[in-house]
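Visitor: pasting the sequence and the predicted coordinates here, then a few questions.
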Amino acid sequence: MFFLALSTLRARKGAFAGAFVALMCAAALVTACGALLETGLRGRIPTERYAGTPLLVTADQELHRVERKGDKTKDKAKALTERAWLDAGTADRLTALPGVRAVVPELTFPAEVLAPAGRAAGGSSWGHAWESAVLTPFGLDAGRAPAADDEIVLDAAAARSAGAGVGGTVTVQSGAAPAAYRVVGVVSPAGGRPARQSALFFTAGEARRLAGRPGQVAAVGLLTEPGADLAAVRARAVAALAGTTAEVRSGDALGPAEFLAAGKARVKLVSMGAAMGGTSLLVALLVVTGTFSLSVQQRVRELALLRAIGATPRQLRRTVGREALVVGLLAGLPGAVAGLALAGWLHRRFLAIGALPDTLHLLLSPFPPVAAVLATLLAGWGAARVSARRPARVHPTEGLAEAAAPRARPGAGRLVAGVLAAVGYVVLVLVLSGLHTDAGATPVTFLSVVLAAVATALLGPSAVRFATTVLGRVVQALSPSAGFLAAQNARASAQRLAAVVTPLSLAVAMASTILFTQTTASHAAGEQVRAGTTAPYVLAAAGPGVPGAAAEAVRGVPGVVAVTEVVRSTVYAGPDRFPAQGVTPRGLGRTMDPEVTAGSLDAMGEDTVALSRLAADTRRATVGGTLPVTLGDGVTVPLRVVAVYERGLGFGDLLLPLGVLAAHVDNPLASSVLVAGTATREELAAAARPFPAVRILGRAELDAVRSAQAGSQAQVNYVAMGLIIAFTGIAVVNTLVMATAARRREFALLRLIGTTGRQVRAMLRWETLMVVLLSVGLGSAVAYATLAAYSTGMTGAARPYAPPLTYLGVVAAAAALAFVATALPARLALRADAAGAIGARE
């Protein structure tokens, strides 16, 4: 049987080329998604700051919750959104441990050197106390250690970026107001300069003031005695900290403690890789099945002849299956190798748009390629077996008859499966309309589109037959000769057209859904912010944020009636995670209107919270009740609910007092400050002049900044899911080329009865136009229904937002693919001698 399969492949290279391309692209896509998923699960985060620290003690950076189901309990852990800090007394527990040479408390807080224009002089930088320089270790290149609170030591990279040396002065923006420091030293680490961060060192007292965490430390480093048994020292440290939430880290566990953003990115990459991989696999299965189905359709006569000379149905299915295994193996290996390169490109793109920190290294191992090859083999084998099921089962005479004149109606089993898929799509759309978070809605959105494509593939012949009957009359009226041929061909070959319509409609639906879920959510959020921001001016900063001193300076300007500082974070209420904003309670109603439906923002105080309707419904909270909120660093505070509002997309799901939220975030500076009153822009600018990083923005400028930020965030999904669009585009071209190239005998017959090559090409153009119109119509209908459900769940109204030019671009791209992929193989087929093509093997 394998000999027969290989012989068939050699004899029909063109027929299997399409299957080869589909399987190779599928293997590449699955490999790339698998590599991202594995990076999220096992990706290495190397340490820099703690390179000279054998053991590091940190607070538990996860939020734990016990979930009970019946008699069973399960501990569920979720990553905290901010750094959890340790009690400063933790160091005292470890001082007398045998084998420990020194116990070094560590403070880590945002601190950036500002250039004269007010912008950060370099990249990411952090402030520390000088006593913790030994954890890297840093050594002095010039100067001395800081002795006074107005002195600072810069690492060599920060000194170069700032253009400052020993004796110079720099302005540093930290969690407090910007301040000038005299540079007294320049340092470099023993193992080479940190590639991803700069270090600024202050005296211990000044570092504690700037960190703003009295009685707490970010970590405690343990330096061991020479020759000490590290495992034994670690065990003693764990025993000494029993009963606390502190963790003792060593080796590869140091990197995630140093680069918290990379640790959070791993979680994000797992969900992103799983969503991409799952959607890619489903699309790949659909595309590969369609490709093999078209390939088998073109071989119905051959399979019927094999049945006629004695081959059993089982032998035919096994032969076709083995052909698919051979093609899958030949395509899977180069596809998997290409997938590794594709994973590297994806990782670089995510780094470039800021979706991933460069501290999370891409992990490439043999597992994703092996899994992709196995998945490719299984997908090809399964698709071939399913496609060959009917040709292998029917009587040889019936099979030869079908080869000459395809069946007018699909089988009952196919119709039932198609109806079930259509019903499943409707169910998913209804479920989608009830999902209110992007994390829950996104997977269901793409699964809905794939299921709609499955229904289209199964019910396609019936839908195509009906549509071409209607479109055929229009085409014949527009072009009596070529249009007549196109209409008759379309009606007679509904199954072939359905195989083309499925990937093209999937491409339109998938592209539209990916593009317009982003525009729908961002447009709704932007509308809510524009409608709800009543302050005429906003303070923004190019550095870490707007210092509180700048807000205080603006408050003193005559005519200013309210100043609202806004700090953003993410918090937990029970098991649910919500975006939150910390705001200045006083005068809040004068600067923003989140559309309160219950309670009042005037009741906001230091122990209160206002909730969006989504958060209130999710947690079953009402005005006057108490809601325990777990802040970003893991501290839980009970807050009284004073208001419920509608504009949660624009203002976050929780509005908390500024003092409550800012004390539990890594960066306590305001991301923006809303200013209401009659003061002019010039007056506000004069008050903010001592703060060079602060800018005064009007409403129009603020909208432009927010639009740019929304576009940057949307790029993540565009890059992630754009590969699937590209794959479906390749599938469209692949299917059209296969379908057109297989019609050589048909074109030859038309030419022998007097039809010119120009008339054949005109016929194909009209056919392709019908295919494009049907595919765009089906794809657009699926996308609109899915997006309307998504919009209902996310915004409360079935109003998806699709920029007209973007939608026209999707339609134009689909049409261009269809016409080019039909015209080129048709021209090649028409160059052949007509009489020779009649006798050639199909």
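Guide: Sure, I can see it. Numbers count the residues shown, from 1 in each chain.

Visitor: any low-confidence regions in the stretch 551-700 of the chain?
Guide: Along the stretch 551-700 of the chain, no part satisfies pLDDT under 70.

Visitor: how near is Tyr790 to Val444?
Guide: 9 Å (CB to CB, to the nearest Å). Yep, even glycine has a C-beta here, placed from its N, CA and C like the rest.

Visitor: next: Gly722.
Guide: According to CB to CB, Gly722 and Val444 sit 20 Å apart.

Visitor: got it, and Lys76?
Guide: For Lys76, the distance to Val444 - CB to CB - is 22 Å.

Visitor: looking at these two, which one has more neighbours?
Guide: Higher neighbour count among Lys76 and Val444: Val444, with 19 against 11, using other CB atoms under 10 Å.

Visitor: and the pLDDT for Thr245?
Guide: pLDDT, Thr245: 86.

Visitor: neighbours around the nearest residue to it once chain neighbours are set aside, how many?
Guide: Using CB to CB, 6 or more residues apart in numbering and skipping the chain neighbours, the partner closest in space to Thr245 is Asp60 (4.4 Å). Counted with other CB under 10 Å, residues neighbouring Asp60 total 15.

Visitor: my read: Asp60 touches Ala246, true?
Guide: Yes: the pair Asp60 / Ala246 is scored as a contact, 7.3 Å apart, by CB atoms under 8 Å.

Visitor: domains in this structure, by residue range?
Guide: What automatic domain parsing lists as the domains of the chain is 1-45+259-404, 55-258, 406-531+710-842, 543-692.

Visitor: okay if I get those domains as CSV plus distance to Ala700?
Guide: Shown next, in CSV, are the domains of the chain (distance: least, CB to CB, whole Å):
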stretch, distance to Ala700
domain 1-45+259-404, 25
domain 55-258, 22
domain 406-531+710-842, 10
domain 543-692, 12
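
Visitor: ok, which of the ones you listed comes nearest Tyr537?
Guide: Closest approach to Tyr537 among the domains of the chain (CB to CB): domain 543-692, 4.5 Å.

Visitor: for the residue nearest to Thr245, what are its contacts?
Guide: By CB atoms under 8 Å, 6 or more residues apart in numbering, the contact set of Asp60 is Ala84, Thr245, Ala246, Glu247, Gly634.

Visitor: cool, Arg681 as well?
Guide: Arg681 touches Tyr537, Ile696, Gly698, counting by CB under 8 Å, 6+ apart.

Visitor: ditto for Cys25
Guide: Counting by CB under 8 Å, 6+ apart, Cys25 makes contact with Ala284, Gly335, Phe727, Ile730, Ala731.

Visitor: from what I see, the last one and Ala22 are in contact.
Guide: Yes: using CB under 8 Å, Ala731 is in contact with Ala22, at 6.3 Å.

Visitor: more neighbours, those two?
Guide: Ranked by neighbour count (other CB under 10 Å), Ala731 and Ala22 place Ala22 first, with 32 against 27.

Visitor: secondary structure element for Thr468?
Guide: Taking DSSP states H and E as the definition, one finds Thr468 inside helix 438-478.

Visitor: report the next helix or strand after that helix in sequence order.
Guide: helix 482-492.

Visitor: return the set of buried residues in that following helix.
Guide: Ala482, Gly483, Leu485, Ala486, Ala487, Asn489, Ala490 (16 or more other CB atoms under 10 Å).

Visitor: same question for stretch 554-572.
Guide: Within stretch 554-572, the residues scored as buried using 16+ other CB under 10 Å are 554-555, 557, 560, 562-572.

Visitor: now stretch 591-610
Guide: Within stretch 591-610, the residues scored as buried using 16+ other CB under 10 Å are 591-596, 598-599, 601, 604, 608-610.

Visitor: now stretch 454-468: average pLDDT?
Guide: Mean pLDDT, stretch 454-468: 75.

Visitor: what's the first helix or strand after the host helix or strand of Gly526?
Guide: Using DSSP H and E, Gly526 sits within helix 494-532. Once the chain leaves helix 494-532, the next helix or strand it forms, by DSSP H and E, is strand 537-541.

Visitor: if you count contacts, what does that next one end up packed against?
Guide: Here strand 537-541 touches helix 548-555, strand 672-677, helix 681-687, strand 694-698, helix 699-741, going by 3 or more CB pairs under 8 Å, 6 or more residues apart in numbering; DSSP states H and E.

Visitor: which neighbours does it have in its sheet, and in what orientation?
Guide: strand 672-677 (antiparallel), strand 694-698 (antiparallel) (DSSP bridges).

Visitor: single out the most deeply packed of these.
Guide: Counting by mean count of other CB atoms under 10 Å, strand 672-677 has the highest mean neighbour count of the strands paired with strand 537-541, with a mean of 25.

Visitor: only the C-alpha atoms, please, for that one, written as CSV.
Guide: Extracted as CSV, the C-alpha positions of strand 672-677 are listed here (Å, rounded to 0.1, in the frame of the first residue of the first chain):
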residue,chain,number,x,y,z
SER,A,672,-2.6,62.0,34.6
VAL,A,673,-4.1,64.9,36.6
LEU,A,674,-7.5,66.3,35.7
VAL,A,675,-7.9,70.1,36.2
ALA,A,676,-11.3,71.8,36.3
GLY,A,677,-12.0,75.5,36.6
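
Visitor: name the residues that touch it?
Guide: Identification of contacts with strand 672-677 by CB under 8 Å, 6+ apart yields 533-540, 546, 550-551, 554, 557, 559-566, 587, 590-592, 684, 702.

Visitor: appreciated, that's everything.
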